[in-house]
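this is the structure alone, sequence omitted:
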């Protein structure tokens, strides 16, 4: 049966166009129930014995939720208890329009067989389709469509000639009006909360309920604490007229009364507006997109250098926070002021479920508690839970539901418990969730695109590839590496020149554009390496087997081959898809030993020596051009083989072979970058490293000046040269410290699309063009670069998204985000393992160097552990010593002792576990001895302290 609507529309050019919309209705759409004998169904989803232990519905029943229930209560619907649910097409379409994340979660539930969720296409069923009536809003029409479908189901299941034992359909809604109308039609209808509270066997589900508007009013006080948010229409008008600006809200980690709003400018640039004080922050949460109104210039303030944590007892709405706000103002008078504004409205909330811990209420029997997120930038959240005693001391997840203007904190609900705080696996899970690292197991859809085992290279593969299996190719990697991306070879040619090859795993052969495996890898963006754990970007079959260039197996590769003379000048470059058979997988140390051992003269060793000789020349040439050799302390943990706890901690040492591999990887990346840019000027995926603005170098210049060393920063070359000659007699570590400090001045390197940018330069490598080609197993950018290069040499076909610079640019944004988050997650993992290490060590006494001087503290680096910590001088429980801070130096004078950058000090290091959620490494000064400030040197063999739990 066909319904059609015809209407006439005027076009831009003034013509008239007739539009006909056709809508097909059918009468053979199944109801999906096992109990039904009428529908000619091939398969059913809804069970006959649909029993849930509910005190409201003692009979078997199916649930039909309306749109708002799905949008707001998805956490409850995901629970295994909720089964046999009919999702109407009307609801599915509305959810899709209103929230992409909820839509994805709903689709995932529908795919879970054991949940028995059935999608009923009511909009195309002859008996359940309804037309919108004149004067009826779209919302009302959809509500009516849901009621009509529920009515049809209850009658359809009654007429069904079977032993349905009074199988009924229950409509769930939170809308009072909809409920009333449904009752008038004789439908079984309950409010969602009533129904969930009636599930006697599962009381924990009540905690997951998102608060409805009625509940929100109960919790809050009558006193209005925040200004009203403006409606979207006013915000849009204000942005258009220029009275408001739109930007991303970024809360401060160190000061809960301060934030900045980042306004995106052209390309990478943007401006920041400072927001200070509760009223001006106006309930914005980290990463929300907000509308900001600038304050008049006389109300502008400076970022405060005071550290303020929202600590202590749960401050309530009526406790004045004016004292702390005053502290901000006082410190603001001295320094330079910045553009300051206030948040007038929220354009888009970026809320996610947050990890953290419960602060159990002091009031006995209370079900209202405050939740403290692990991320200090997120405010505390009020939740209602009846299981507070079990959740105390556990890491839990909570979602925010809303933030009324008369509540000091947002309201939310409990989602799930992760497990005991401080346990290694749980903390690792928190770390991944908080850094938004996708780490769930690969889905069946993704795994279905993997090659079937046993896999072998076929004759068709060989026809299209160059056979390089005879070459002496070997790989050099860190110990324990199973995802080997790259291998190298070097041999002498008959004409006396050298042939050098870099062979990279041909991952793009296995991952085809646009399939589920490709989309998953693009979303993950990168493999994340934590201490003792790796979260792969691609499934293990590829990362550790078929794409890993292990020794003595045939593997597909993408090769970059140069002909060079003995001065490392490139005479010819070619790229080819190939088949290789690596002759050895070596560690850096093994390769180094082969090169140094004069008795060895086999092919592999000769190849390595040739590579090493050329690499030294390449490195020298790069440094002459102005490439920077910076320093950062990387730490390696030695793990206990059984408990997997760190038993030793040492900084990584680099060998010649590390540098050898790096030189050829850089060379391959530069050669490929040039090739893909020559072929595809608009859509090459490249990597750039912007030069830092001069002000970034202030701290480096001051530090060098304090030791009478001159550093020039006009160009990368000038910086590299002056770092090379920076020496202080009797202080051999000075140069390394200076390089560590220089690293802190740098900008982040980023991926970009060549058609969207005109500055390609890579500052740190002093190269005019650069990309990533050499690690496709662990970086998605390299897979795109492989595809571009394959098209450029005619080895593979192109596809539309590859040539679309806007899509390419959006992909780069995700890759840059994932890369940054992976770095932060790695740092957090090192910090956590460092804490585990010190937990069992008690108090240690070590020597370190002052890296930075702050107003009330010095930041100390301990080279032995690659560890940084802060020594505070204004503790709350002691009489404050006399402190004088001089911005110019910068120096900090305590009692009569003056600290400068790079001073040598001795400190005690211990773990402070008094707050189990935010455990910290504490440092205290032992040398120089300052009466009333420094602490005595601890005994040689300290006993490990047990951490006390923070209840």
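Cool, the structure landed. Note that the structure is a prediction, hence the values are computed from the model and not measured.

in this protein, which helix or strand is least confident?
helix 213-219 (a mean of 51; mean pLDDT, DSSP states H and E).

and the helix or strand following that one, what does it pack onto?
Sequence order places helix 232-241 as the next helix or strand after helix 213-219, per DSSP states H and E. Applying 3 or more Cβ pairs under 8 Å, 6 or more residues apart in numbering; DSSP states H and E, one finds that helix 232-241 contacts strand 289-294, strand 340-348. In short, each C-beta sits where N, CA and C put it, glycine included.

export those strands to JSON lines and tack on mean pLDDT, distance to residue 370 and mean neighbour count?
Below are the helices and strands packed on helix 232-241 laid out as JSON lines (pLDDT from 0 to 100; distance: least, Cβ to Cβ, whole Å; neighbours: other Cβ atoms under 10 Å):
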{"stretch": "strand 289-294", "mean pLDDT": "89", "distance to residue 370": "24", "mean neighbour count": "21"}
{"stretch": "strand 340-348", "mean pLDDT": "89", "distance to residue 370": "22", "mean neighbour count": "20"}
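
in JSON lines, list those along with distance to residue 605.
Putting these into JSON lines (distance: least, Cβ to Cβ, whole Å) gives the following:
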{"stretch": "strand 289-294", "distance to residue 605": "58"}
{"stretch": "strand 340-348", "distance to residue 605": "60"}
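
tell me which of these sits nearest to residue 575.
strand 289-294 (42.8 Å; Cβ to Cβ).

list the contacts of that closest one.
230, 235, 238-239, 243-249, 261, 273, 275, 284, 339-348, 350 (Cβ atoms under 8 Å, 6 or more residues apart in numbering).

okay, the angle between it and helix 232-241?
Using axes from the mean of the first three to the mean of the last three Cα atoms, to 10 degrees, the direction of strand 289-294 lies 60 degrees away from that of helix 232-241.

so what are the sheet partners of strand 289-294 and their directions?
Strands adjacent to strand 289-294 in the sheet, as given by DSSP bridges, are strand 245-251 (antiparallel), strand 340-348 (antiparallel).

for residue 130, find the nearest of those strands.
Evaluated with Cβ to Cβ, the strands paired with strand 289-294 place strand 340-348 nearest to residue 130, the distance being 32.9 Å.

give the buried residues for the following helix or strand past the closest one.
Going down the chain from strand 340-348, the next helix or strand is strand 354-359, by DSSP H and E. By neighbour count on 16 or more other Cβ atoms under 10 Å, the buried set for strand 354-359 is 354-359.

what separation do you get for residue 691 and residue 715?
When distance is defined by Cβ to Cβ, to the nearest Å, residue 691 is 8 Å away from residue 715.

out of the two, which sits in the busier spot?
Under the criterion of other Cβ atoms under 10 Å, the comparison of residue 691 against residue 715 puts residue 691 first, with 17 against 13.

grab the nearest non-local neighbour of that one.
Once flanking residues are discounted, residue 691 sits nearest to residue 763: 4.6 Å by Cβ to Cβ, 6 or more residues apart in numbering.

which residues touch that neighbour?
Going by Cβ under 8 Å, 6+ apart, the list of residues near residue 763 reads 628, 689-692, 716, 746-747.

one step back: of the strands paired with strand 289-294, which is nearest residue 610?
Closest among the strands paired with strand 289-294, using Cβ to Cβ: strand 245-251, at 50.6 Å.

ok so, going back, closest to residue 572 out of the strands paired with strand 289-294?
strand 245-251 (48.3 Å).

contact partners of that closest one?
With Cβ under 8 Å, 6+ apart as the test, strand 245-251 has contacts from 239, 259-264, 270, 273, 275, 284-292, 294, 341, 343, 347, 377-378.

kindly report the same for stretch 846-862.
Under Cβ under 8 Å, 6+ apart, the answer for stretch 846-862 is 305, 633, 699, 733, 737, 740-741, 863-865, 867-874, 883, 885, 889-892, 899-907, 909, 923.

how far does that stretch sit from the chain's center?
Once both centres are worked out by Cα atoms, centre = their mean, to the nearest Å, stretch 846-862 turns out to sit 30 Å from its chain's centre.

buried residues in that stretch, which are they?
846, 848-854, 856-862.

how close does residue 171 sit to residue 192?
10 Å.

that older thread, how about the buried residues of stretch 846-862, which pair is most distant?
For the buried residues of stretch 846-862, the farthest-apart pair by Cβ to Cβ is 846 and 856; their separation is 22.4 Å.

poorly predicted segments of the stretch 151-300 of the chain, please.
For the stretch 151-300 of the chain, the stretches flagged by pLDDT under 70 are 159-165, 212-223, 265-270.

quick check: residue 541 is in a helix.
Yes. The assignment for residue 541 by DSSP: H, G, I helix; E, B strand; the rest coil puts it in a helix.

from residue 701, how far out is it?
Counting by Cβ to Cβ, the gap from residue 541 to residue 701 is 52 Å.

what of residue 362?
For residue 362 relative to residue 701 (Cβ to Cβ), the value is 52 Å.

which one's more surrounded, these two?
Legend: neighbour count by other Cβ under 10 Å for residue 362 and residue 701, higher for residue 701 (16 against 8).

quick check: closest non-adjacent residue to the more buried one.
Distance criterion Cβ to Cβ, 6+ apart; nearest residue to residue 701, sequence neighbours excluded, is residue 711 at 5.8 Å.

in the stretch 51-200 of the chain, which spans are helices?
When secondary structure is read from DSSP state H, counting those that start in this stretch, the stretch 51-200 of the chain shows helices at 67-72, 74-77, 89-98, 100-111, 138-159, 176-184, 192-197.

output the contacting helices and strands for the shortest one.
Under the contact criterion of 3+ Cβ pairs under 8 Å, 6+ apart, the helices and strands touching helix 74-77 comprise helix 100-111.

now the helix it packs on against helix 89-98, angle please.
Counting by the same axes, to 10 degrees, helix 100-111 points 140 degrees away from the direction of helix 89-98.

how far does helix 100-111 sit from the chain's center?
Relative to its parent chain, helix 100-111 has a centroid offset of 21 Å by Cα atoms, centre = their mean.

rounded mean pLDDT for that helix, please.
Confidence over helix 100-111 (mean pLDDT, whole number) is 87.

kindly report the same for stretch 537-547.
87.

which residues touch that stretch?
With contact meaning Cβ under 8 Å, 6+ apart, stretch 537-547 is reached by 442, 446-447, 450-451, 453, 455, 482-483, 505-507, 510-511, 517, 521, 524-527, 536, 555, 776-780.

among the residues you listed, which lie within helices?
When DSSP state H is applied, the contacts of stretch 537-547 are split such that 446-447, 507, 510, 517, 521, 524, 780 fall in helices.
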